[in-house]
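> Next input, structure requested:
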Amino acid sequence: MQRLLHLSGLQPGAGVAVAKRPLLQWLVLSFTWLLIVTAMARPQWLGEPIIKDLPMRDLLVAVDLSGSMEAQDFTDREGNNVDRLTAVKLVLDDFFARREGDRVGLILFGSAAFTQVPFTADLDVVRELLDEAQIRMLGPRTMLGDAMGLAINQFERSKVDERVLIVLTDGNDTGSLVPPERAAEIARDNGVVIHTIAIGDPAAAGEAALDEKTLKNIANTTGGGYFHANDTEELEAIYVHLDEVNPRQVETQSYRPLTDLYYFPLAALTLLTMLYILFLEVRSYYSSRELDGPQEDRLSEQLN
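Modelled structure (predicted):
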């Protein structure tokens, strides 16, 4: 104030009162400035690390639905004779349930090959759609080579290094556009490892006959393994072995989430401003009443 008077060249007259800023107002202004600066600094809360496992293996399963799969030469866990497809469903359901961390796809084939489930991490969907598969729903024949060719096309969209195809069939190809041996060579050139599982009795004849030679050649060409399952116990043992040969691999990705906190100082600023304004209004109200009181007394004296 003194500096302002000096610059203006004026001097206050006698009896002039110079108002000073109240201490409360200084405090409110200081806290307001502090809260504004804090909000503009955009504080953030660094959360706990979140670890996410990314699959490094794509696993594709091709299941034969041809007429030969209805041969009842399998024994289930209760010792009952069941058809080949029923046995495959029983064991594959448990196998898929243990595949958490892998992307899994499902191909069904008969007279034609069809991608029932593209690569997905939703294993419940894969299990449900496998359970709905029926013998001969894609025709009575066995287009094994075409199913392998379709699988190779699926792997072309894969971005992982390890590509595994498991084929469950009697192996008796009945006229594929691409012979199984040629499809195996293409798979090898594309880095696809094929494990073949022969289903059923090797002594079966006719349409239900097994073609073990073809299945062995496919596995040998791609660096996979050939297996034969004559009952559900053997089939379960095969999947245990496949878990050992191709252990689950994952790539770990970790990050820490950030949570903005700027709205806390802004909320405090709003509350502080509202409380201060409320305080001023209340003080002004009571001050006016105190001033009105003496005036009313003087008016009453004059009237009397």
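> Which pLDDT value belongs to the residue nearest the centre of the chain?
Closest residue to the average C-alpha location of the chain: Ala121 at 7.9 Å, with CA atoms, centre = their mean. Looking at Ala121, its pLDDT is 83.
> Same check on Glu181?
Here, the pLDDT recorded for Glu181 equals 91.
> contacting residues around the host helix or strand of it?
Under the criterion of DSSP states H and E, Glu181 resides in helix 180-189. Here helix 180-189 makes contact (CB atoms under 8 Å, 6 or more residues apart in numbering) with 144-145, 148-149, 151-152, 165, 171, 173, 176, 178, 193-194, 214, 217-218, 221-223. Just so you know, the C-beta spots here come from the backbone N, C-alpha and C atoms, and that holds for glycine as well.
> Identify each buried residue in it, please.
Across helix 180-189, burial judged by 16 or more other CB atoms under 10 Å covers 180, 183-184, 186-188.
> could you point out where the stretch 101-250 of the chain is predicted with low confidence?
101, 171, 201-209, 231, 243-250 (pLDDT under 70).
> Can you show me the helices along the stretch 1-150 of the chain?
For the stretch 1-150 of the chain, helices defined by DSSP state H, counting those that start in this stretch occupy the ranges 2-8, 23-40, 84-97, 123-131, 144-156.
> got it, and the stretch 151-300 of the chain?
180-189, 212-222, 232-245, 263-303.
> what packs against the second one?
Spelled out, it's helix 212-222. strand 162-169, helix 180-189, strand 192-199, strand 226-229 (3 or more CB pairs under 8 Å, 6 or more residues apart in numbering; DSSP states H and E).
> Now the helix holding Glu181 - C-alpha only, CSV.
Extracted in CSV, the C-alpha atoms of helix 180-189 (Å, rounded to 0.1, in the frame of the first residue of the first chain):
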residue,chain,number,x,y,z
PRO,A,180,-1.8,-86.9,-47.9
GLU,A,181,1.9,-87.5,-48.6
ARG,A,182,2.1,-84.3,-50.7
ALA,A,183,0.2,-82.4,-48.1
ALA,A,184,2.7,-83.5,-45.5
GLU,A,185,5.6,-82.2,-47.6
ILE,A,186,3.9,-78.8,-47.9
ALA,A,187,3.3,-78.8,-44.2
ARG,A,188,7.0,-79.5,-43.5
ASP,A,189,8.0,-76.7,-45.8
